[in-house]
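> The following comprises the amino acid sequence and a computationally predicted model.
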Amino acid sequence: MLKNIRTREQMIFYEEQIKEFENYKPELTKAMDFDQFWEETLKESTETPLQIEMKKIDYPISQIQAYSLVYKGFAGTPINAFYILPENQTDRLPCIITFHGYGGNKGSISNYMKWIIQGYAVLAVDCRGHGESAEDTHYSVGATGTWATQGILDKYEYYYRKIYMDCKRAVDVVFAREEIDKSRICLLGASLGGGISLAVAALDNRPTLVVADVPNMCNIELAVQQKFEGSLVSIENFMHRYPEKSKQVFETLSYFDNLNLAPKIKSKTRVSVAFRDLICPPQSIYGVYSHIVAEKSMIAYPFSGHDAPGIISHIDETIAYVKENL
């Protein structure tokens, strides 16, 4: 009986917390030149040809066509990806562009079979400095052993400027493929990949659908206060080492904060949060979600942490959501 009482009390607490988070709408922190900065960055990104190169992979699953694909990212940096298709496609295919988590990579081709067998194409990207994609060592500031602080004192040099543009150019790659149905493009990722998916959707309105699980780079000033693990710890450590640079750090971060990018999103968007997430705090994600004006939905996991996207029921729900909306 006591256990049941505690369970009810816990659920009442989380229901109240959800209501509190749903009513949380922080002020934007965007600088006066925010829009101009991104217009300049997008224009600069288009100056480099994609130079797509594809090499067929002899993969043991015979029902697919798998390719190693390389394209030029921002400022010509080579970005590696898997491009995977069903074996005998005749009609144009919907496509899912996936982005992995911080410190991860695109993984095994087999990870994407749940999409391929349904008739989707997949472009699985290795983000800059991760997996097979080239490392970028051209930074004047931020050598703290993490990408999150590289170039952090200069918005034009900052790592996230480059990675957002690299991944925006993944959309360009898909749009260059004749076999893809350009009206059915999904951006999908968790953590770093979720944050990238939101940012790319804000900077490129062509994708139809966005699935952003426990996304990072959300309401960063709050997230730095509330996190306990992850890349934001490195940013806090940088400011601990150089306290006189804190204002400059937050100013740079404001250009890459999904809080300020969210109002630009036009794609239908689903976001997930986990209340015990020590890396991407739930309130910070709700803060970004509140500023998305496109059609949207939220999944909340009160008893889960940053690994919530790996819950079996969540994976199944995501498959169903994408099937229904793409």
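That came through, no problem. All figures in this text were calculated on a predicted structure; none of them were measured in a lab. Numbering: from 1, shown residues only.
> ok, which stretches of the stretch 51-200 of the chain are helices?
Taking DSSP state H, counting those that start in this stretch to define them, one finds helices in the stretch 51-200 of the chain at 113-116, 159-175, 192-203.
> got CSV for the ones you listed, with distance to Ser234 too?
C-beta: built from backbone N, CA, C; applies to glycine. Output for the helices of the stretch 51-200 of the chain, formatted as CSV (distance: least, C-beta to C-beta, whole Å):
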stretch, distance to Ser234
helix 113-116, 33
helix 159-175, 11
helix 192-203, 13
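> Quick one, which of the ones you listed gets closest to Ser254.
helix 159-175 (11.4 Å; C-beta to C-beta).
> which of the helices of the stretch 51-200 of the chain sits most buried?
helix 192-203 (a mean of 28; mean count of other C-beta atoms under 10 Å).
> how about low-confidence regions in this protein?
1-13, 137, 140-145 (pLDDT under 70).
> So in that sheet, which strands flank the longest strand anywhere in it, and in what orientation?
Secondary structure of the chain read by DSSP state E shows that its longest strand is strand 180-190. Applying DSSP bridges, strand 180-190 is found paired with strand 93-99 (parallel), strand 209-213 (parallel).
> Take those strands and write them to CSV, including mean neighbour count and distance to Pro263.
Converted to CSV, the strands paired with strand 180-190 look like this (neighbours: other C-beta atoms under 10 Å; distance: least, C-beta to C-beta, whole Å):
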stretch, mean neighbour count, distance to Pro263
strand 93-99, 25, 21
strand 209-213, 26, 14
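> Switch these over to TSV; also include distance to Lys247.
Formatted as TSV, the strands paired with strand 180-190 follow (distance: least, C-beta to C-beta, whole Å):
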stretch	distance to Lys247
strand 93-99	30
strand 209-213	29
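> Ok, which of the ones you listed comes nearest Ile64?
Here strand 93-99 is closest among the strands paired with strand 180-190 (C-beta to C-beta), at 12.1 Å.
> got the angle for the closest one vs helix 192-203?
With axes from the mean of the first three to the mean of the last three C-alpha atoms, to 10 degrees as the basis, strand 93-99 and helix 192-203 are set at 120 degrees to each other.
> which residues are in contact with strand 93-99?
85-86, 106, 112, 115, 119-125, 127, 167, 170-171, 174, 177, 179-181, 184-189, 192-194, 196-197, 207, 322, 326 (C-beta atoms under 8 Å, 6 or more residues apart in numbering).
> Correct me if wrong: Val288 contacts Asn216.
No - applying C-beta atoms under 8 Å, one finds Val288 not in contact with Asn216, separated by 10.4 Å.
> neighbour-wise, which of those two wins?
Set Val288 next to Asn216 and count neighbours by other C-beta atoms under 10 Å: Asn216 wins out with 30 against 27.
> Who are the contact partners of Ala274?
For Ala274, the contacting residues are 214, 282, 300-301, 304-308, by C-beta under 8 Å, 6+ apart.
> next one: Leu232
Taking C-beta under 8 Å, 6+ apart as the test, what Leu232 contacts is 148, 216, 220, 223-224, 279.
> State the helix or strand in which it lies.
Using DSSP states H and E, Leu232 falls within helix 231-241.
> got the buried residues for that helix?
231-235, 238-239 (16 or more other C-beta atoms under 10 Å).
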